[in-house]
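[1] Take a look and give me a structure for this.
(chains A and B)
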Amino acid sequence: EAGVTQFPSHSVIEKGQTVTLRCDPISGHDNLYWYRRVMGKEIKFLLHFVKESKQDESGMPNNRFLAERTGGTYSTLKVQPAELEDSGVYFCASTRNSGNTIYFGEGSWLTVV
Amino acid sequence: QKEVEQNSGPLSVPEGAIASLNCTYSDRGSQSFFWYRQYSGKSPELIMFIYSNGDKEDGRFTAQLNKASQYVSLLIRDSQPSDSATYLCAVNKKAEYGNKLVFGAGTILRVKS
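    Below is the predicted model:
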């Protein structure tokens, strides 16, 4: 069974540009989460999808961040325009049922210069 | 006060010794607790989870939970150099539409051969 896959693994962009991160959860997992770890800080929750619906987006930092999960399969997280403080690693995670073990992807490492 | 607190370390132990990793949490209503291991540049990997007060053992790992003291720990027996990693404590926080993990900043463990 394939795990949670994320693309790109690394991205370096200039301040003001746009980046779109993609996450493919484990097949059959309705719950998809985005987390972020910025340098020197703990991993922080961004948002939670159940299928295509946003159940909790309380962790999204501001309106420069847009997450979608059309069709309830893969998800994208767009940062537009990117700022220096957005640099960090963005983890996607999925689980079949909320409360079960959450499986993490390898992360997308974003550097904004 | 952070929701989940860990000593950042590094915690250095000799090979074969017991490594003791500690974590405290602030939400008394938290129900489930997780320990993740993260190697540099890799995704968090679940090691143990615990729901009930007391000890839970799995191989060389023992998780201990004390809800009255809001304290959870991870013991690693017969530590190996391959155990060197960052250990993340996570608390499953019940949100309005499901659960989400709240992470500590992690403790760096170094096992010296």
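[2] Please pull up the helix or strand immediately following the lowest-mean-pLDDT helix or strand in chain B.
    The least trusted helix or strand in chain B, going by mean pLDDT, DSSP states H and E, turns out to be strand B:98-103, with a mean of 80. Downstream of strand B:98-103, the first helix or strand assigned by DSSP states H and E is strand B:107-112.
[3] Name the residues of that next one that are buried.
    By 16 or more other Cβ atoms under 10 Å in any protein chain shown, the buried positions in strand B:107-112 come out as B:107-109, B:111. Heads up, the C-betas are built off the backbone N, CA and C, glycines and all.
[4] Of those, which is the nearest to chain A?
    residue B:107 (11.4 Å; Cβ to the nearest Cβ).
[5] Quickly list what that closest one is bridged to.
    Beta-bridge pairing of residue B:107 under DSSP bridges involves residue B:87.
[6] Next: residue A:23.
    Here residue A:23, judged by DSSP bridges, has bridge partners residue A:6, residue A:75.
[7] and chain A, which residues reach chain B?
    With the criterion set to Cβ under 8 Å from any Cβ of the partner chain, chain A comes near chain B through A:4, A:31, A:33, A:35, A:41-45, A:48, A:50, A:55-56, A:58-59, A:91, A:98-99, A:101-107.
[8] Tell me the buried residues within these.
    Buried members of the residues of chain A next to chain B, counted by 16+ other Cβ under 10 Å: A:4, A:31, A:33, A:35, A:42-45, A:48, A:50, A:55-56, A:59, A:91, A:98, A:102-107.
[9] Sort out for me which of those residues are in strands.
    Counting by DSSP state E, the part of those found in strands is A:31, A:33, A:35, A:44-45, A:48, A:50, A:55-56, A:91, A:103-104.
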